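Novice: Any chance you can model this:
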Amino acid sequence: MSMQTYIFELPMEVRDYECDLQGIVNNAVYQNYFEHTRHKFLLSKGIAFSELHQRGVDAVVVKVEISFKRSLQPSDQFISKLSLKKEGVRYVFYQALYSINGQTLHASARIETVILINGKLGFTPELDRLVDEASAL
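Specialist: Below you'll find the predicted structure:
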């Protein structure tokens, strides 16, 4: 993932309650970081999940792969990065969490989603446009 070209970045900070007894961010919290980044990315492009849902369009996560490299700790500041590609019927988000200086990779993920339109597999022009924009970079 280090060779990935990212199209969106979001600064974030670890909150104390996200850490476990070992004093590091609990592994399940990383999915929250990645999801929050996807939502903020879409909002930055004028796309709201709630509006899509009202039209019967739902983005559904179908597969998550996370590689943990270096644990985040309380008050760590980091940058959540995102890239987007389309593979068949799936919209694939490549994501990574880096130290604020960009030198240390804490975790990387590949998150596959599909679009359901009124419960049936489909596509959405909004995400197709974002894929096209990302591939043009």
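
Novice: Return the residues in contact with L97.
Specialist: 12, 30, 33, 72, 78-81, 105-108 (Cβ atoms under 8 Å, 6 or more residues apart in numbering). C-beta coordinates here come from the backbone N, C-alpha and C atoms, glycine included.

Novice: what helix or strand does the residue of the chain positioned farthest from its centre sit in?
Specialist: Residue farthest from the centre of the chain, counting by Cα atoms, centre = their mean, is L21 at 26.1 Å. Counting by DSSP states H and E, there is no helix or strand that carries L21.

Novice: same thing with L52?
Specialist: With DSSP H and E as criterion, L52 is part of helix 49-54.

Novice: contact partners of that helix?
Specialist: 39, 42, 58-59, 124, 126.

Novice: Tell me which two in those residues are the farthest apart.
Specialist: Using Cβ to Cβ, the pair of those lying farthest apart is H39 and T124, separated by 15.3 Å.

Novice: quick revisit: can you flag which of the contacts of helix 49-54 belong to helices?
Specialist: 39, 42, 126 (DSSP state H).

Novice: Please name the nearest non-neighbouring residue to the last one.
Specialist: The one in question is E126. I47 (5.1 Å; Cβ to Cβ, 6 or more residues apart in numbering).
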